[in-house]
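Chemist: Build me a structure from this.
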Amino acid sequence: MSDHRLSQLLKFQPGKMRQISSQGRQSPPEAMAAAVGLDAPGKMVKIPAGETYTVAEIPGAGTIVRIWMTTMQPIPNAIENFNDALVIRIAWDGEATPSVEVPFGPFFGVPWGEYTHYIAEPLSCTSGGYNCRFRMPFSDGCRIEVTNEAGTDCPALFFQVQYLELAEQPSPVRFHAQWRRENPTQPGKAYRVLEAQGQGHFTGMHLFMQNAERWLDPEAMISRAKESGPLAAIFPNALGMGMLEGWESIYVDGEETPSIPGTGNEDYFNSGFYFNKGPYSAPQWGCTVRSYLKSRCAAYRFHIDDAIPFKEHIVVDIDHGYTNQVAADYSSVAYWYQGEPHGAFPALPSLAERLPTSPQENVAQFALATSPVWVPATLVGLKVLRRLWRGPRRR
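Modeler: Numbers count the residues shown, from 1 in each chain. Predicted coordinates:
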């Protein structure tokens, strides 16, 4: 913690701190009521399938300083994966379209619907909790909603929204968050994390990357090696991690050449050599998943001390391979602040279109590539892979 933050405690604080929570919103489930007493307040809310629940509707001016939530984790054939099925929407100052529209798990940095422990400054997942500490100012009210897009009821959503009530809001900017996905990515074209119009500053992303092509192809590998040398046998796919060979390109206010060009995807996240030391979490950047087995990487970076300003327009792109030639399944959440009104968001895909793709093909390839009996295993395994690659399967 910085000395500046500690020194802030030596000053009188403005406004009045309030908290909205799920306590007392609904009666507890019958089994819980029988155990703790029929008059005990409920601590969670149930959201029926297909319905939207209003978490908070705050009048006047203020600043949200903390959002904490949690829900039931998936159990096969029993509890849906609500990391994927719930959607968070937040609107400021009576706006018609929300400034935040993101599936529940990804908003907090949960990759592929699998709760993953990490600790960063503005967002974290800690021992079952989902935490957001981004400051969210508003002048004339805010509304927070959670929609259950699953075919079954969400049995339990717990939440706390802590905010500072103010007489007036001095900040001109509003918090925004947007989810995107491409599966597969487009050949020769970078993946777009964000395109926004107006004045503001980009404050970071969560990025979830998964290989989506067959990289274990001995015939093609040998052919490339003969034509271009030994390294060509490994690249561009790099054992399922070739998507990391690209880089970020950030274009500000209509420029044709990016003012922020990168050198590698993992380099953007302040790491190196395909996150060669594995997952870690730091206050403003980190890697929550690095799996050669599944050909998956999940990483985050928050521009807290180096927010990227724009006056009219910003585009944030990130590659999938050295020349965007590696097919991958990319999804992301972009976070930024800007003045209103904001531009239209891409339509949020249906739940079926948002579900993670199974990594089984990548697992099979990695198992064959690392087998001590690589050649015979590959000859047999390639037949299996051809069957697996007939079409994508959902987990």
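Chemist: is it true that residue 208 touches residue 298?
Modeler: Yes. Residue 208 lies in contact with residue 298 (CB atoms under 8 Å); the separation is 4.9 Å. From N, CA and C alone the C-beta is placed, and that goes for glycine too.
Chemist: So these two - more neighbours on which side?
Modeler: Of the pair residue 208 and residue 298, residue 298 is the one with more neighbours under other CB atoms under 10 Å, namely 27 against 23.
Chemist: Would you mark the buried spots in stretch 222-233?
Modeler: Counting neighbours by 16 or more other CB atoms under 10 Å, one finds that the buried residues in stretch 222-233 are 224, 232, 233.
Chemist: so where is the stretch 1-150 of the chain shaky, pLDDT-wise?
Modeler: Across the stretch 1-150 of the chain, the ranges flagged by pLDDT under 70 are 1-2, 30-38, 77-78.
Chemist: which residues in it form helices?
Modeler: Along the stretch 1-150 of the chain, counting by DSSP state H, counting those that start in this stretch, helices occupy 3-8, 30-36, 82-85, 104-107.
Chemist: Any chance you could list what contacts the last one?
Modeler: Same thing as helix 104-107. Residues from elsewhere that reach helix 104-107 (CB atoms under 8 Å, 6 or more residues apart in numbering): 69, 71, 82-88, 100, 110-111, 113, 115, 130, 132, 146, 177, 179, 206, 208, 331, 333.
Chemist: now with 7 Å?
Modeler: 82, 83, 84, 86, 87, 88, 113, 177, 179, 206, 331, 333 (CB atoms under 7 Å, 6 or more residues apart in numbering).
Chemist: So which of those are in strands?
Modeler: Judged by DSSP state E, strands contain the following of these: 86, 87, 88, 177, 179, 206, 331, 333.
Chemist: For residue 26, state which of the residues you listed is nearest.
Modeler: residue 86 (16.5 Å; CB to CB).
Chemist: Apart from its chain neighbours, what residue comes closest to the closest one?
Modeler: residue 104 (3.7 Å; CB to CB, 6 or more residues apart in numbering).
Chemist: same question, residue 108
Modeler: Using CB to CB, 6+ apart and skipping the chain neighbours, the partner closest in space to residue 108 is residue 130 (4.1 Å).
Chemist: my read is residue 363 is in a helix, agree?
Modeler: Yes. Remark: residue 363 belongs to a helix, assigned using DSSP: H, G, I helix; E, B strand; the rest coil.
Chemist: just checking, it touches residue 293?
Modeler: Yes. Between residue 363 and residue 293 a contact is recorded at 5.8 Å, counting by CB atoms under 7 Å.
Chemist: I figured residue 122 hits residue 302, correct?
Modeler: Yes. Residue 122 lies in contact with residue 302 (CB under 7 Å); the separation is 5.5 Å.
Chemist: With neighbour numbers in mind, choose between the two.
Modeler: residue 302 (22 against 18).
Chemist: For that one, give me the pLDDT.
Modeler: pLDDT recorded at residue 302 is 98.
Chemist: center of this structure - which residue?
Modeler: When CA atoms, centre = their mean is applied to the chain, the residue found nearest the centroid is residue 106 (3.5 Å).
Chemist: those strands in the stretch 1-150 of the chain, which residues are they?
Modeler: According to DSSP state E, counting those that start in this stretch, the stretch 1-150 of the chain carries its strands in the segments 16-21, 45-47, 52-58, 61-71, 86-92, 100-103, 118-119, 123-126, 129-132, 136-138, 142-148.
Chemist: of all those, which lies closest to residue 195?
Modeler: Once those are compared by CB to CB, strand 100-103 is nearest, at 14.9 Å.
Chemist: Run me through the strand neighbours of that closest one, direction for each.
Modeler: strand 86-92 (antiparallel), strand 174-182 (parallel) (DSSP bridges).
Chemist: what residues does that strand touch?
Modeler: 84, 86-90, 175-179, 333, 345, 348, 354.
Chemist: Stretch 18-30 now?
Modeler: So stretch 18-30 is contacted by 33, 36, 40-46, 56, 157-163, 165 (CB under 7 Å, 6+ apart).
Chemist: that older thread, what's the ChimeraX syntax to select whichever of the ones in strands among the contacts of helix 104-107 are buried?
Modeler: Of those, the buried ones go into a single ChimeraX selection, burial set by 16+ other CB under 10 Å:
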select :86,87,88,177,179,206,331,333
